[in-house]
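Visitor: structure for the following, please:
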Amino acid sequence: MAKGVQHYFKDGRKYNGGTHEMPNGSLHSGKTHTKNSKVVVHFKDLSVSAKKRARGSKVSSRKKK
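Guide: Alright, predicted model coming up:
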């Protein structure tokens with residue numbers, strides 16, 4: 001995966017931090033693998049609903065009338 005590209009958890013939340021590549025090629029959170037490491041992906045690889053969440057993070061913080 002490209003360096004300097006924003007990464008996301010599969011649910012659309014942004015991930016900022018170190019990453020490591022697994023033997024199968026997938027990218028995980030954290031500099032090294034732990035039991036808490038999660039898969040991270042590029043925006044283009046998110047599902048439609050996850051893309052909406054990633055784009056609309058400001059919208060979800062609005063107060064409801």
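Visitor: tell me where the protein has strands.
Guide: Using DSSP state E, the strands assigned to the chain run over residues 7-9, 14-15, 19-21, 27-29, 39-41.
Visitor: which stretch among those comes nearest Gly56?
Guide: The minimum distance between Gly56 and those falls on strand 14-15, with 12.1 Å, by C-beta to C-beta. Bear in mind the C-beta positions are built from the backbone N, C-alpha and C, glycine included.
Visitor: follow-up on the earlier one: can I get the strands of the chain in a markdown table including mean neighbour count?
Guide: Shown next, in a markdown table, are the strands of the chain (neighbours: other C-beta atoms under 10 Å):
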| stretch | mean neighbour count |
| --- | --- |
| strand 7-9 | 19 |
| strand 14-15 | 15 |
| strand 19-21 | 13 |
| strand 27-29 | 18 |
| strand 39-41 | 18 |
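Visitor: among these, which is nearest Ala54?
Guide: Of all those, strand 7-9 comes closest under C-beta to C-beta, at 5.7 Å.
Visitor: so what's the gap between the closest one and the chain middle?
Guide: 1 Å (C-alpha atoms, centre = their mean, to the nearest Å).
Visitor: for it, give me every contacting residue.
Guide: Contact partners of strand 7-9, identified using C-beta atoms under 8 Å, 6 or more residues apart in numbering, comprise 1, 14-16, 19, 27, 29, 38-43, 46, 50, 54.
Visitor: how much space between Lys10 and Phe43?
Guide: 12 Å (C-beta to C-beta, to the nearest Å).
Visitor: so Lys51 sits against Asp11, correct?
Guide: No: checked against C-beta atoms under 8 Å, the pair Lys51 and Asp11 is beyond contact range at 10.9 Å.
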